[in-house]
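**Q** 3D model of this:
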Amino acid sequence: MNVYDSARMADLMVPFDYKLTDTSEDADLVVLNTCHIREKAEDKVYSDLGRLRKLRAQKEESGGQMLIAVGGCVGQAEGEEIIKRAPYVDMVFGSQSYHNLPEMVAKTLRDGSKGINLDFSPEPKFDFLLKQSSAEDGVFNKSEFISIQEGCDKFCTFCVVPYTRGAEFSRGSDAILAEARNLVERGTVEITLLGQNVNAYHGVGSDGKDWSLAKLIRELAKIEGLERIRYMTSHPRDMDDELIATHGDIEKLMPLLHLPVQSGSDNILAKMNRKHKADYYLGLVDKLRKARPDITLSSDFIVGFPGESELDFTATKKLVETVGFSQAYTYTYSPRPGTPAAANENQIDESVKNERLTDLQGLIMRQQKAYNTASIGKTVPVLLDRKGKLKGQLLGKSSYGQSVHVLDAEGCEGQILDVVITGALQNSVSGVIQQSLERKHVG
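**A** Below is the predicted model of the structure:
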């Protein structure tokens, strides 16, 4: 979501003669687009601000100027406190009000005043987004994001999203479809639909009725030239039968689903206010695999949640072993100010958290390596969208979300090609373009 928001901020500044620069040293305007979901991310904001303060002073000494802005979820959560702690910051705005960035910049340049805008409704933001690319050549990437839903009404006890992103809001389907067509016309072949709770999508459709995510995906799949559709992040409670069926019916919907469960313990899931149990999650996995037998799953896990016992942690490992994830993101619990879990008295010692995290990561890494190894010999379609470090090497994503390294792929950038997997590492696989392999065999 922050990648998408950052690109839109760059788009907004293009009409005012701003363009992206590779280094902070060259920037006239530096925007820190921030995350508040973990304490480490918040700490990094203030560390980066200290570094920018020095750059700003150097630039002013040479007769230049640098504006510093803090946006995103930390901006939303801390507001004026940021300027109190770092008075050299010129602007603070939230994740729902970045469409005001050009006006805030103009005002600061005009009279030197500090700008703070923490409007909390996402609708005006989407109304202001400009349909243009910040890329210098005007060409969109082969793989792009579209934000379709923001906010969350679930109120998990560990999560700050309802407080920094607000209540659930879904964009109208017409605007999403128009943005998708605009991207495809400029060369995009893969679109990832984004939302804090994306499968809770219920935007108004062209027929005046609320569309589900399943309905939206089916309409997107009709766009000629759009080859791949993905979505994230989902909540198990909103994984309904209609959406599950879509995974089996729509070939363009990629067979990788990120479905965070957070814990395998019903006790901890209840404390987290997740509103589902482990068996319910496993039932969803069974339904998904029946609808799309080759589907692979990734997930999120929090270890060391307040009150988590060894028995609870063992239940999480059992769920991981049962499902068999191709990848997963694991974290130790990080108390976030203002959330119910942060006030819980049964906090887990950091050493215990770290020990459990190492244990769980080891299990998941073994599963991930096994999944990648099982791919050897298979032929999978890969979107080759990045250059590798080696001559003639391209990198890309398989339909299953694996990072794929392909040699002898010069001239194939931007294409979706069948790749024969020949090797596997912990976090990636390597392969050869099938046509190249066939030519070698003929020769």
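
**Q** and the helices in the stretch 151-300 of the chain?
**A** According to DSSP state H, counting those that start in this stretch, the stretch 151-300 of the chain carries its helices in the segments 161-164, 173-185, 213-220, 241-249, 266-272, 278-291.

**Q** now the last one: mean pLDDT?
**A** Per-residue pLDDT values over helix 278-291 give a mean of 98.

**Q** Provide the contact partners of it at residue level.
**A** 236, 239, 241, 244-245, 247-248, 257, 259, 261, 263-266, 269, 295, 297, 315, 319, 322-323 (Cβ atoms under 8 Å, 6 or more residues apart in numbering). All C-beta spots, glycine's among them, are computed from the backbone N, C-alpha and C.

**Q** buried subset of the residues you listed?
**A** Neighbour counting by 16 or more other Cβ atoms under 10 Å classes 236, 239, 244, 247-248, 257, 259, 261, 263-266, 269, 295, 297, 315, 319, 323 among those as buried.

**Q** in the protein, what spans have low per-residue confidence?
**A** For the chain, the stretches with pLDDT under 70 are 120-140, 436-443.

**Q** tell me who's in contact with the nearest residue to Leu253 once chain neighbours are set aside.
**A** Distances taken as Cβ to Cβ, 6 or more residues apart in numbering put Ile229 closest to Leu253, at 5.0 Å, once the chain neighbours are dropped. By Cβ under 8 Å, 6+ apart, the residues touching Ile229 are 190-193, 217, 220-221, 250, 252-254.

**Q** from Ala180, how far off is Ile229?
**A** 9 Å (Cβ to Cβ, to the nearest Å).

**Q** any residues in contact with both of these two?
**A** 191, 220.

**Q** distance of Ile83 from Ala69?
**A** 11 Å.

**Q** more neighbours: which of these two?
**A** Neighbour count, other Cβ atoms under 10 Å: between Ile83 and Ala69, Ala69 has more, with 22 against 18.

**Q** could you pull up phi and psi at the more buried one?
**A** phi -130, psi 140 (degrees, to the nearest 10).

**Q** my read: it touches Val92, true?
**A** Yes - using Cβ atoms under 8 Å, Ala69 makes contact with Val92 at a distance of 7.2 Å.

**Q** residues contacting the nearest residue to Gly304 once chain neighbours are set aside?
**A** Once flanking residues are discounted, Gly304 sits nearest to Lys353: 3.2 Å by Cβ to Cβ, 6+ apart. Contact analysis of Lys353 by Cβ under 8 Å, 6+ apart lists 303-304, 332-333.

**Q** quick check: which element contains Lys353?
**A** helix 350-374 (DSSP states H and E).

**Q** counting by contacts, list what the helix or strand just after that helix packs against.
**A** Downstream of helix 350-374, the next assigned helix or strand under DSSP H and E is strand 379-387. Packing partners of strand 379-387 (3 or more Cβ pairs under 8 Å, 6 or more residues apart in numbering; DSSP states H and E): strand 394-398, strand 403-406, strand 416-424.

**Q** would you list the strands that strand 379-387 pairs with, along with their directions?
**A** strand 394-398 (antiparallel), strand 416-424 (antiparallel) (DSSP bridges).

**Q** out of those, nearest to Gln367?
**A** strand 416-424 (12.8 Å; Cβ to Cβ).

**Q** just the angle between the closest one and helix 350-374, please?
**A** 110 degrees (axes from the mean of the first three to the mean of the last three Cα atoms, to 10 degrees).

**Q** for the next helix or strand after strand 416-424, give me every contacting residue.
**A** On the C-terminal side of strand 416-424, the closest following helix or strand by DSSP H and E is strand 428-433. If you take Cβ under 8 Å, 6+ apart as the criterion, strand 428-433 is touched by 372, 375-376, 380, 382, 398, 402-409, 412, 417-424.

**Q** please apply the same query to stretch 31-48.
**A** 2, 5-6, 9, 49, 52, 68-77, 85-86, 98, 101, 159-161, 164, 331, 334-336.

**Q** buried among those residues? Make that a PyMOL selection.
**A** Applying 16+ other Cβ under 10 Å to the contacts of stretch 31-48, the buried members can be selected in PyMOL as follows:
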select buried, resi 5+6+9+49+52+68+69+70+71+72+73+74+75+76+77+86+98+101+159+160+161+164+331+334+336
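
**Q** in helices, which of the contacts of stretch 31-48 appear?
**A** In helices, judged by DSSP state H, the following of the contacts of stretch 31-48 are found: 2, 5-6, 9, 49, 52, 72-77, 85, 101, 161, 164.

**Q** against Ile37, how distant is Arg366?
**A** Distance from Arg366 to Ile37, by Cβ to Cβ: 27 Å.

**Q** ugh, wrong one, Gly396
**A** 28 Å.

**Q** same check, this time on Phe301
**A** Taking Cβ to Cβ, one finds Phe301 at 14 Å from Ile37.
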